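Participant: Next come a sequence and a model predicted from it.
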Amino acid sequence: MHVIICTDSLDVVETVRRGLTAESARTTVCESGLELLAAARALSADLAVLDLDAPGLNGLLLISAVQELAPALPIVAVSARGEQDVRPLLQKGVRYVNLSRGLLQPLFAELRRPRGAAVAGPAR
């Protein structure tokens, strides 16, 4: 499994890496939205974990751009901020995990899900 992580937070990177259980799992860390776009275009990844607080492009604009470049790439949006309106994310088919709640199981489940497997519903 290859996961692209877009964040400037070491905590988010370490959280994602803890959730990857396969020894063959690889991560590519992008510190900005522009780096994520380049990685989505150039790499064959199984999942993108996008920190909505990462510097650069607005989260929804970045999600739209990634979906345009790599339509089959599943995206999980994460944030350490408190409550926010996740409806626009869900409308784009993006799962959301609020890291400030400490509820990491939905993120870990997504990291372990085989590519192409059905999504059970929104993670909040």
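Facilitator: Ah, there it is. No experiment lies behind these values; they were computed from the predicted model shown.

Participant: Show me where the protein has its strands.
Facilitator: Using DSSP state E, the strands of the chain run over 2-6, 26-30, 47-51, 75-79, 95-98.

Participant: Reformat those strands into a markdown table and put mean neighbour count, distance to Arg41 and mean pLDDT next to each item.
Facilitator: Where C-beta positions appear, they are placed from N, C-alpha and C, glycine not excepted. Output for those, formatted as a markdown table (neighbours: other CB atoms under 10 Å; distance: least, CB to CB, whole Å; pLDDT from 0 to 100):
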| stretch | mean neighbour count | distance to Arg41 | mean pLDDT |
| --- | --- | --- | --- |
| strand 2-6 | 24 | 11 | 92 |
| strand 26-30 | 17 | 12 | 93 |
| strand 47-51 | 25 | 12 | 92 |
| strand 75-79 | 24 | 15 | 89 |
| strand 95-98 | 23 | 22 | 82 |
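
Participant: Tabulate those strands in CSV, adding columns for distance to Arg17.
Facilitator: As requested, the strands of the chain are arranged in CSV below (distance: least, CB to CB, whole Å):
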stretch, distance to Arg17
strand 2-6, 8
strand 26-30, 6
strand 47-51, 10
strand 75-79, 13
strand 95-98, 15
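
Participant: contacting residues around the residue most central in space within the chain?
Facilitator: In the chain, the C-alpha closest to the average C-alpha coordinate belongs to Val49, at a distance of 1.6 Å (CA atoms, centre = their mean). Val49 is in contact with 3-7, 12, 16, 75-76, 78, 107, 111, counting by CB atoms under 8 Å, 6 or more residues apart in numbering.

Participant: and what of Leu43?
Facilitator: By CB under 8 Å, 6+ apart, the contact set of Leu43 is 2, 4, 28.
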